[in-house]
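Visitor: generate coordinates for the sequence data below:
(2 chains)
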Protein chains: 2
Amino acid sequence: MKLIELYAKMKKDITYIEKELERSIDSEHALLREASLHLLKAGGKRIRPVFVLLGAKFGHYDLEQIKHIAVPLELIHMASLVHDDVIDDASTRRGQKTVRSKWDNRIAMHTGDYIFAKALTVVTKLPNATIHQIMSKAIVEMSIGEMEQIRFFFNTEQTLRDYLLRIKRKTALLIAISCQLGAITAGAEDDLSMRLYRFGYNVGMAFQIRDDLLDLCGSEKEIGKPPGSDIRQGNITVPIIFALQQPELRDVLLEQMQQIKEADGQTDISTFIKLIRSSEGIRRSEQLASSYIDKAIAALQGLPDIQAKKDFVGVAHFIGNRSY
Amino acid sequence: MKLIELYAKMKKDITYIEKELERSIDSEHALLREASLHLLKAGGKRIRPVFVLLGAKFGHYDLEQIKHIAVPLELIHMASLVHDDVIDDASTRRGQKTVRSKWDNRIAMHTGDYIFAKALTVVTKLPNATIHQIMSKAIVEMSIGEMEQIRFFFNTEQTLRDYLLRIKRKTALLIAISCQLGAITAGAEDDLSMRLYRFGYNVGMAFQIRDDLLDLCGSEKEIGKPPGSDIRQGNITVPIIFALQQPELRDVLLEQMQQIKEADGQTDISTFIKLIRSSEGIRRSEQLASSYIDKAIAALQGLPDIQAKKDFVGVAHFIGNRSY
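Guide: All right, here's what the predicted structure looks like:
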């Protein structure tokens, strides 16, 4: 199944969530409204709300309740993006100007804080304390992940384990709890919501690995920004970690990265990109992503055979095969 | 009563909250722990926890419950400070290096996000949904207040009303809900917690006006940074708004502020400071702060005559008479 078919099937509910997202960040404050809407309209795949909706199909599906968790999870994702852009000095994302380049860093930071606070007000509509606990713990882990990313910038001694823990915090956890909290909000049992958590975690890991591959192997048109922006800012991703394990490549890669670091990312990185693209790092990273997809699908075993289960499998395969 | 006497009397509970604050931001992540602790150890008056504790005296005082609201409210305040310092390019606060000058802006932003997220995990220990709703709404307003502050930088046409709404969001609301949520957590009735909200709101307004007076009239030793840092960054506070209403001062003040703006704050502001200090803006601002203190004390009428009520009055008078 193509992702677009799933979206077409769920169109009515996704459109409703989209409207609720817009409504949630509405503000009498013109600049906040404008900056938040700019961010919202820049799009995105809305993976988190889609996973919430699918997760909720395993319980009592009531969109009026589920929106109170689908909306905040996407808002939290958006808030973390706008704060990332402040940090990264990023000027484009998904081919659109970022908030910090359209306005400035201060406005981007406060917009992030505002969207984040709005996320909290929406989720307080749900009385279940477990939901708030799961969500707040994930947010703590996410902020640790952001800090870890900085700590490991240009650290060429980092291990695969360091990388995996980082992307778990940065990406996989929020996707995992999207599946889980969709189910919990719909009143599904613990065993079921835990399986969905594991599904989401593994899909999230594959998703980030694919994203990191895309940054190195994609064209500017596909990525929405020039390739290699991760390494320019010092973010050493898994294809590079694998490539560094090839003795014949290691020294030249280290030398290249030293140059990139010294130039603060402002240098020609085409040689570096070519070396990585021709390394075993690509194939091994693809294999790693595939193994996470396998684990994700395995986690669904034992769940009732409803359409949402097939849809989850479809999304997982789509993410596993993301082209770049 | 002096504030120090109140602190001495409450020492045991304040010390306990202080330890819980430290515990709450503990992290296996060394840099986050260090940056958060640095911020915590820089001190502050812990006005918000003190108000929570006093508010809780009007209900069933159980420190093990109350800490779950006293700690997050102080953490939210801390998180907003560290984000403010990113925005302000501030290098010292309370005479201590700020997180962003000791480390960098990225680390300061993520530390703020982390402390904020930790605040949320603590408050989820309380099952009462009303508490979460009141808190999240106040956080939204705070973030709007931060944005408003930027919008009004160097805006010499702003009114007293603009200023008052801004400090309500920036300062008074969090102090108001500290009193209110202390009482609610202790199971006090709505009428009582609303009176405490009004008390806290009025004290908070006076507190910020006094703080803004201090920035203009205090010595570097008293403030912990050179006087006039507000106007250097474009923050036009109430003494200046009043001074601008004096026809004989208006033109020269406008000219001075234009120069400060053009120099991006990096110019000699001693003439400007002298003009404000000798204007009616000081006396009128003091009167305004006093009128808020009167309203705060009036809000306490009808509350049971317990020691905490006398302590609230004492704190209000202390804030009303803050020297500079």
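
Visitor: low-confidence stretches in chain A?
Guide: Residues of chain A meeting the criterion pLDDT under 70: A:1, A:87-101, A:322-324.

Visitor: any idea how far the longest helix along chain A is from the chain center?
Guide: Taking DSSP state H as the criterion, chain A has its longest helix at helix A:190-217. Helix A:190-217 sits 9 Å away from the centroid of its parent chain (C-alpha atoms, centre = their mean, to the nearest Å).

Visitor: and the gap between residue A:82 and residue A:38?
Guide: Look at residue A:82 and residue A:38: by C-beta to C-beta, to the nearest Å, they are 10 Å apart. The C-beta positions use only the backbone N, C-alpha and C, and glycine is treated the same way.

Visitor: my error: substitute residue A:119 in the last question.
Guide: Residue A:119 is 17 Å from residue A:38, by C-beta to C-beta.

Visitor: so between the two, which is more surrounded?
Guide: residue A:119 (25 against 17; other C-beta atoms under 10 Å in any protein chain shown).

Visitor: my guess is the more buried one contacts residue A:68. True?
Guide: No - the criterion here is C-beta atoms under 8 Å, and residue A:119 misses it with residue A:68 at 10.5 Å.

Visitor: hang on, the earlier thing: other residues contacting the helix or strand just after the longest helix of chain A?
Guide: On the C-terminal side of helix A:190-217, the closest following helix or strand by DSSP states H and E is helix A:220-223. Helix A:220-223 is contacted by residues A:214-215, A:226-227, A:229, A:324 when judged by C-beta atoms under 8 Å, 6 or more residues apart in numbering or on different chains.

Visitor: work out the gap between the following helix or strand past helix A:220-223 and the centre of the chain.
Guide: Per DSSP H and E, the first helix or strand lying C-terminal to helix A:220-223 is helix A:229-232. Averaged C-alpha coordinates place helix A:229-232 at 17 Å from its chain's average position (C-alpha atoms, centre = their mean).

Visitor: helix A:229-232 - contacts with which helices or strands?
Guide: helix A:190-217, helix A:247-262 (3 or more C-beta pairs under 8 Å, 6 or more residues apart in numbering or on different chains; DSSP states H and E).

Visitor: most tightly surrounded among these?
Guide: Stretch with highest mean neighbour count among the helices and strands packed on helix A:229-232: helix A:190-217 (a mean of 23; mean count of other C-beta atoms under 10 Å in any protein chain shown).

Visitor: quick one: contacts for the most centrally placed residue in chain A?
Guide: Most central in chain A under C-alpha atoms, centre = their mean is residue A:171, positioned 4.4 Å from the mean C-alpha point. Applying C-beta under 8 Å, 6+ apart to residue A:171 gives the contacts A:204-205, A:207-208, A:211.

Visitor: that's a helix at it, yeah?
Guide: Yes - the assignment for residue A:171 is a helix, going by DSSP: H, G, I helix; E, B strand; the rest coil.

Visitor: could you find the closest non-adjacent residue to residue A:186?
Guide: Spatial nearest neighbour of residue A:186, excluding adjacent residues (C-beta to C-beta, 6 or more residues apart in numbering or on different chains): residue A:59 at 2.8 Å.

Visitor: isn't residue A:265 right up against residue A:230?
Guide: No - under the criterion of C-beta under 8 Å, residue A:265 is not in contact with residue A:230, lying 10.0 Å apart.

Visitor: distance of residue A:56 relative to residue B:20?
Guide: From residue A:56 to residue B:20 the distance is 36 Å (C-beta to C-beta).

Visitor: please identify which of the two sits among more neighbours.
Guide: Using other C-beta under 10 Å, the more surrounded residue of residue A:56 and residue B:20 is residue A:56, with 28 against 17.

Visitor: okay, strands next: where are they in chain A?
Guide: Counting by DSSP state E, one finds strands in chain A at the ranges A:92-93, A:96-97.

Visitor: on that earlier part again, which of the helices and strands packed on helix A:229-232 sits closest to residue B:162?
Guide: Nearest of the helices and strands packed on helix A:229-232 to residue B:162, taken as C-beta to C-beta: helix A:190-217 at 43.8 Å.

Visitor: what's the nearest residue to residue A:250 once chain neighbours are set aside in contact with, if anything?
Guide: The shortest distance from residue A:250 to any non-neighbouring residue, by C-beta to C-beta, 6+ apart, is to residue A:244 (5.4 Å). Shown in contact with residue A:244 (C-beta under 8 Å, 6+ apart): A:156, A:250, A:253-254.

Visitor: from the residues you listed, pick the one nearest chain B.
Guide: Closest approach to chain B among the contacts of residue A:244 (C-beta to the nearest C-beta): residue A:156, at 19.2 Å.

Visitor: now the closest one: how far from residue A:266?
Guide: Residue A:156 is 19 Å from residue A:266, by C-beta to C-beta.

Visitor: what does residue A:20 give?
Guide: 41 Å.

Visitor: before we move on, what about residue A:157?
Guide: 24 Å.

Visitor: and for residue A:84?
Guide: Noted for residue A:84: a distance of 20 Å to residue A:266, by C-beta to C-beta.

Visitor: pick out whichever of the two has more residues nearby.
Guide: Neighbour comparison, residue A:84 and residue A:266: the larger count goes to residue A:84, with 21 against 9 (by other C-beta under 10 Å).
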